[in-house]
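K.L.:
Any chance you can model this:
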Amino acid sequence: MSLSIEEIQKIAHLSRLYLADTDIAEYSVQLSRILDFIEDMNQVDTTNIEPLAHPLDIPQRLREDKVTEPNLRDKFQAIAPQVESGLYLVPKVIEDE
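P.N.:
Here you go, the predicted model:
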């Protein structure tokens, strides 16, 4: 599948990306290869393939559930601009209507 210059420009616009005119040809080739690869993958018969939650059929190693880092909240809140009752206060950024 070969993408046209107009299609690349439209994709860039929808993605909110700026592409220089000199880069469009390169992106056209790269995106076309990606789409060709996806099309090849869509042709593979997966009717008897079970979905996997993990690529390896092994149990996960679990670590002991214990605290491993010191509580530095007081240190961090000492340098914060505003703190109240252990919470960081931030300026309002959304105006009410």
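K.L.:
How many residues are close by Pro59?
P.N.:
Counted with other Cβ atoms under 10 Å, the neighbours of Pro59 add up to 7. (Each C-beta comes from the backbone N, C-alpha and C, glycine too.)
K.L.:
Glu39 belongs to a strand, doesn't it?
P.N.:
No: with DSSP: H, G, I helix; E, B strand; the rest coil as the criterion, Glu39 is assigned helix and is not in a strand.
K.L.:
where's the closest residue to it other than its chain neighbours relative to Glu7, distance?
P.N.:
Leaving aside its chain neighbours, Glu39 sits nearest to Met1 (6.8 Å; criterion: Cβ to Cβ, 6 or more residues apart in numbering). Distance, Met1 to Glu7, using Cβ to Cβ, to the nearest Å: 10 Å.
K.L.:
do the same with Met41
P.N.:
Counting by Cβ to Cβ, the gap from Met41 to Glu7 is 21 Å.
K.L.:
most centrally placed residue in the chain?
P.N.:
Ser15 (13.9 Å; Cα atoms, centre = their mean).
K.L.:
pLDDT value on that residue, please?
P.N.:
What the model reports for Ser15 is a pLDDT of 93.
K.L.:
cool, the one 4 residues further on as well?
P.N.:
According to the prediction, Leu19 has pLDDT 91.
K.L.:
tell me the phi and psi of it?
P.N.:
phi -120, psi 130 (degrees, to the nearest 10).
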